[in-house]
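A.B. asks: Predicted coordinates and the sequence they were generated for:
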Amino acid sequence: MTITTGVERWGVHDLGDPLVAHSASGLLHAFNAAGVLSSSDVHVATRLGRLGGEPSEVVLLAAALAVRAVRLGSVCVDLAAVSHTVLGEGDVVVDVSALPWPEPTAWLAACTAGPLVADGADAPAGRPLRLVDGLLYLERYWGEEEQVRRSLQERAAAAPPDVDLPALRASLARHFPDEHSTRQRLAAAVGTLRRVTVLAGGPGTGKTTTVARLLAVIAEQPGPPPRIALAAPTGKAAARLQEAVAGELATPGVSGDLRVPEASTLHRLLGWRPGGRYRYDHTQRLPFDVVVVDETSMVSLTMMARLLDAVRPTSRLVLVGDPDQLASVEAGAVLGDLARAPGRPEPALNTALTGLGLPSDVVNGVVTLDHVWRFGGAIAAFAKAVQAGDADTALTLLRSGADDLALDDPADLAPVRHDVVEAGHTLTRAAREGRTDDALAALERHRVLCAHRRGPWGVARWTGESERWLATAPAEGPWYAGRPVLVTANDYDTGLFNGDTGVVVERPEGLRVAFARGGPPTLYPPSRLSEVATVHAMTVHRGQGSQFRRVTVVLPPAESPLLTRELLYTAVTRAREFVRIVGTEDAVRAAVERPVARASGLRQRLASP
């Protein structure tokens, strides 16, 4: 782990380091040398200054920080607060206190006085950056944030869907009879009565069950059957959504004549085309009456803007996810912003909910499910402690000797090796015997989840360890029965997408790679797949949208900037039966006490007119 103090990070011998901007000078050089700015941040800001005729180095520093913010997941940068934050990325922690930060008031004034920055929300477009309420945006991301805000507020203000309240009351009573299902019943009611609904909740709280029964409730309203679309950010998440909804609708008396649509990725739903274009947008809307998006925490600001652009204003949009999980790898934390935004009363909705005997405390169409149906025990208690930022309780649970939760010394790999070998041998036997369904099921018996990609705590190291323990890879080539694979790039020819996982199985026609798609497995010859990797271990980000019987979470040292509350919560909630954390108590405490801070103006602006 590298810790720098805001002085030179790289020495004179690091001339080939791509992170070093050798042409930088002044403030840009100082912040680049300290490891706060990368060379790309510096080069973009310098280029903007040349094109726009901006000589001020404090303005160029602000521009570089805005570029950096987007690169690291924020939509904007708060110039008044940025100097109080310990900045770092990857394996680097930076103490910024020794850096020459501009005085905030003068800094903001310098930005708006020059040619690069538009001042205020109402300033005309045409400049590359925009300053609104002290937040500095790249103009593109300001435009997308405004588009999302405006679309959501317009949909909330529009006339609500026509709803037969007596029929709705009867449907809710039939589909949600359990005394513990009040929040699920409320979510279904809001999803029927409102154009946009946010269904939030952690794993096991019944989100997909609620979605399936919400669709059945909507279908029982008078009129033609609704045209429904199911989507998720990744192919794996889409397959799980379709499987879960189909399974729930197969329950006697639930679905009626409702047909389960095929779930797709958001890219496929919107009709992705080469060059980043999409078939569906504001000029050609999606032909659906109800659009359900699962794992919305993984949806970036850009993708949310495109989705809202394409969904008809009269359609129902249901956004499902866990706002406490990791946000998108791209800029934005839209679900978290929506779930926690200040709200305004909706008298018509509240009156309807009260008439249905339901709570009328709904804000911005957000309903949070909090009753855990799937699992309990130490995993659920630990996840709750992590959510609450309660490190003491989290550590007490790890020390308790629970059957479903353990903290292991990083120096003792024997327990991890046992889990890897047991799951791997089960997978290999099924794959060699051509039992495709069993092999795919075995693929979800155990997974190692890492915060880092490289290094001693990274995916590369743990994948190598797993292969060495299993010793299943033959010398003649990469393709062998039992190899678990991860798709690392979208492939629209095969219909496989970044994040899909599969397994190589022995078939009468030769080796085939099997993928679960929510129905019968799909099989591909290895020659059809180009962008894949072996997947004994994966990053926590890659693991979102998946569930495994047993999970091993590899934590880096406490100093790692990647070690956050959201990362730990997301990792442990991937497990259905058992979680093993490999790391120190200091690392656990650091993660629980370090929430991710993504700068955005959406949360507050949703409450404005």
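C.D. replies: That came in fine, so what should we check first?

A.B. asks: in the stretch 301-450 of the chain, which spans are strands?
C.D. replies: Under the criterion DSSP state E, counting those that start in this stretch, the stretch 301-450 of the chain carries strands at the ranges 316-321, 366-369, 405-408, 446-450.

A.B. asks: Residue 427 is nearest to which of those strands?
C.D. replies: When these are compared by C-beta to C-beta, strand 446-450 sits nearest residue 427, at 9.3 Å. In short, each C-beta sits where N, CA and C put it, glycine included.

A.B. asks: Indicate each strand paired with the closest one and its parallel or antiparallel sense.
C.D. replies: Based on DSSP bridges, the strands next to strand 446-450 in the sheet, each with its direction, are strand 537-539 (parallel), strand 548-554 (parallel).

A.B. asks: got a list of contacts for that strand?
C.D. replies: Around strand 446-450, the neighbours that count as contacts under C-beta atoms under 8 Å, 6 or more residues apart in numbering are 416, 419-420, 422-423, 457-459, 462, 466, 536-540, 543, 546, 548-554, 571, 574.

A.B. asks: Let me have the strands paired with strand 446-450 in a markdown table, adding mean pLDDT, mean neighbour count and distance to residue 191 as columns.
C.D. replies: A markdown table is the format used below for the strands paired with strand 446-450 (pLDDT from 0 to 100; neighbours: other C-beta atoms under 10 Å; distance: least, C-beta to C-beta, whole Å):
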| stretch | mean pLDDT | mean neighbour count | distance to residue 191 |
| --- | --- | --- | --- |
| strand 537-539 | 89 | 22 | 32 |
| strand 548-554 | 91 | 23 | 29 |
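
A.B. asks: for those, which one sits closest to residue 595?
C.D. replies: Ranking the strands paired with strand 446-450 by distance to residue 595, with C-beta to C-beta as the measure, places strand 548-554 first at 17.7 Å.

A.B. asks: Give me the distance from that closest one to the chain's centre.
C.D. replies: From the chain centre to the centre of strand 548-554 is a distance of 18 Å (C-alpha atoms, centre = their mean, to the nearest Å).

A.B. asks: CA-only coordinates of it in PDB, if you can.
C.D. replies: C-alpha atoms of strand 548-554 as PDB (Å, rounded to 0.1, in the frame of the first residue of the first chain):
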ATOM      1  CA  PHE A 548     -23.800 -17.600  -4.300                       C
ATOM      2  CA  ARG A 549     -24.200 -20.200  -1.600                       C
ATOM      3  CA  ARG A 550     -20.900 -19.400  -0.100                       C
ATOM      4  CA  VAL A 551     -18.700 -16.300  -0.500                       C
ATOM      5  CA  THR A 552     -15.200 -15.500   0.400                       C
ATOM      6  CA  VAL A 553     -14.500 -11.800   0.700                       C
ATOM      7  CA  VAL A 554     -10.800 -10.700   0.400                       C
END
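
A.B. asks: continuing past it, what's the next helix or strand?
C.D. replies: helix 565-572 (DSSP states H and E).

A.B. asks: any idea how far residue 233 is from residue 303?
C.D. replies: Noted for residue 303: a distance of 7 Å to residue 233, by C-beta to C-beta, to the nearest Å.

A.B. asks: Pull up the overlap in contacts between those two.
C.D. replies: Overlap of the contact sets of residue 303 and residue 233 (by C-beta under 8 Å, 6+ apart) consists of 266, 328.

A.B. asks: Give me the distance between the two termini of stretch 99-119.
C.D. replies: Using C-alpha to C-alpha, to the nearest Å, the gap from the first to the last residue of stretch 99-119 comes to 27 Å.

A.B. asks: So for it, mean pLDDT?
C.D. replies: Over the span of stretch 99-119, the pLDDT mean works out to 92.

A.B. asks: Can you give the distance of it from its chain's centre?
C.D. replies: Between the centre of stretch 99-119 and the centre of its chain there are 33 Å (C-alpha atoms, centre = their mean).

A.B. asks: Buried ones in it, by neighbour count?
C.D. replies: By neighbour count with 16 or more other C-beta atoms under 10 Å, stretch 99-119 contains the buried residues 99, 101-102, 107-108, 110-112, 114, 116-118.

A.B. asks: which ones among these are found in strands?
C.D. replies: In this view, the buried residues of stretch 99-119 that belong to strands under DSSP state E are 117-118.

A.B. asks: which one of the buried residues of stretch 99-119 is nearest residue 238?
C.D. replies: Within the buried residues of stretch 99-119, proximity to residue 238 (C-beta to C-beta) peaks at residue 118, which comes in at 38.4 Å.

A.B. asks: any weak-confidence spans in the stretch 451-600 of the chain?
C.D. replies: When residues are selected by pLDDT under 70, those of the stretch 451-600 of the chain lie in 472-477, 517-519.

A.B. asks: so where do the helices sit in it?
C.D. replies: With DSSP state H, counting those that start in this stretch as the definition, the stretch 451-600 of the chain shows helices at residue ranges 459-470, 540-543, 565-572, 585-592.

A.B. asks: Also the stretch 301-450 of the chain?
C.D. replies: So, for the stretch 301-450 of the chain - with DSSP H, counting those that start in this stretch - the helices run 301-310, 334-340, 347-355, 377-388, 391-398, 414-432, 436-442.

A.B. asks: Buried deepest among those, which one?
C.D. replies: Mean neighbour count, computed with mean count of other C-beta atoms under 10 Å, is highest for helix 334-340 among the helices of the stretch 301-450 of the chain, reaching a mean of 25.

A.B. asks: Now that one: average pLDDT?
C.D. replies: Averaged over helix 334-340, pLDDT sits at 87.

A.B. asks: likewise stretch 212-230?
C.D. replies: 90.

A.B. asks: Pull out the buried positions in it.
C.D. replies: For stretch 212-230, a neighbour-count test (16+ other C-beta under 10 Å) marks 212-221, 228-230 as buried.

A.B. asks: can you tell me the distance between the two ends of it?
C.D. replies: Taking C-alpha to C-alpha, stretch 212-230 runs 11 Å from one end to the other.

A.B. asks: quick one on the thing from earlier: would you list the helices of the stretch 451-600 of the chain in CSV and tack on distance to residue 513 and mean neighbour count?
C.D. replies: Written out in CSV, the entries for the helices of the stretch 451-600 of the chain read as follows (distance: least, C-beta to C-beta, whole Å; neighbours: other C-beta atoms under 10 Å):
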stretch, distance to residue 513, mean neighbour count
helix 459-470, 18, 18
helix 540-543, 18, 24
helix 565-572, 26, 25
helix 585-592, 35, 21
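
A.B. asks: Out of the ones you listed, the one nearest residue 283 is which?
C.D. replies: When the helices of the stretch 451-600 of the chain are ranked by distance to residue 283, counting by C-beta to C-beta, first place goes to helix 540-543 at 33.4 Å.

A.B. asks: contacts for that closest one?
C.D. replies: Outside helix 540-543, the residues that touch it by C-beta under 8 Å, 6+ apart are 326, 329, 447, 449-451, 486, 499, 553, 567, 570-571, 574.

A.B. asks: Just the C-alpha atoms of it, please, in PDB.
C.D. replies: In PDB, the C-alpha atoms belonging to helix 540-543 read as follows (Å, rounded to 0.1, in the frame of the first residue of the first chain):
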ATOM      1  CA  VAL A 540     -17.200  -7.100  -5.900                       C
ATOM      2  CA  HIS A 541     -18.400  -4.800  -8.700                       C
ATOM      3  CA  ARG A 542     -18.600  -7.800 -11.100                       C
ATOM      4  CA  GLY A 543     -20.500  -9.800  -8.400                       C
END
